[in-house]
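Visitor: build me a model from this:
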Amino acid sequence: MDQRMIEAAHMGDINLLYELILNDPYVLQRIDDVPFFNTQLQVATSVGHIEFMMEMIKLKPTFARKLNQAGFSSMHLALQNHRTHAVLRLLRFDEGLVRV
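Guide: Numbering: from 1, shown residues only. Model prediction:
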């Protein structure tokens, strides 16, 4: 993953996310094509950037079910990092995420 994309997720910077997408419209698709990958959604969820997390779900809903290399989903990461608000927002998006 591009270092600037990681920065955007860690900072919760939605404007930077869209700037990166503007420069490379396929950036999210390439990430989605990798079977097990730590997505921007997972990074943002881990650190508690709810607005960024929800923007990522709008742009790429498949990221909500994607597993990282360790086999963890965004829901797992939110629970591990005690991000209760993120867990609730993910459940509101799709209750089935608890079974991923």
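Visitor: residue with max distance from the center of this protein?
Guide: Distance from the C-alpha centroid of the chain, by CA atoms, centre = their mean, peaks at N23 (19.5 Å).
Visitor: and it, what's its pLDDT?
Guide: You'll see N23 listed with a pLDDT of 95.
Visitor: same thing with N38?
Guide: N38 carries a pLDDT value of 90.
Visitor: what helix or strand is it on?
Guide: If you go by DSSP states H and E, N38 is not part of any helix or strand.
Visitor: next one: it from Y26, what distance?
Guide: 19 Å (CB to CB, to the nearest Å). In this view, the C-beta of every residue, glycine as well, is placed from N, C-alpha and C.
Visitor: neighbour-wise, which of the two wins?
Guide: Just comparing N38 and Y26: by other CB atoms under 10 Å the higher neighbour count belongs to N38, 20 against 10.
Visitor: report pLDDT for T45.
Guide: Note on T45: pLDDT of 95.
Visitor: which residues does it contact?
Guide: Taking CB atoms under 8 Å, 6 or more residues apart in numbering, we find T45 in contact with 53, 74, 77-78, 81, 83, 86, 90.
Visitor: 7 Å instead?
Guide: Counting by CB atoms under 7 Å, 6 or more residues apart in numbering, T45 touches 53, 74, 77-78, 83, 86.
Visitor: what about the protein, any weak spots by pLDDT?
Guide: Low-confidence segments of the chain (pLDDT under 70): 1.
Visitor: in it, which spans are strands?
Guide: Taking DSSP state E as the criterion, the chain carries no strands.
Visitor: can you tell me the centre-most residue of it?
Guide: L41 (0.6 Å).
Visitor: check contacts around D2.
Guide: Per CB under 7 Å, 6+ apart, neighbours of D2: 20, 27.
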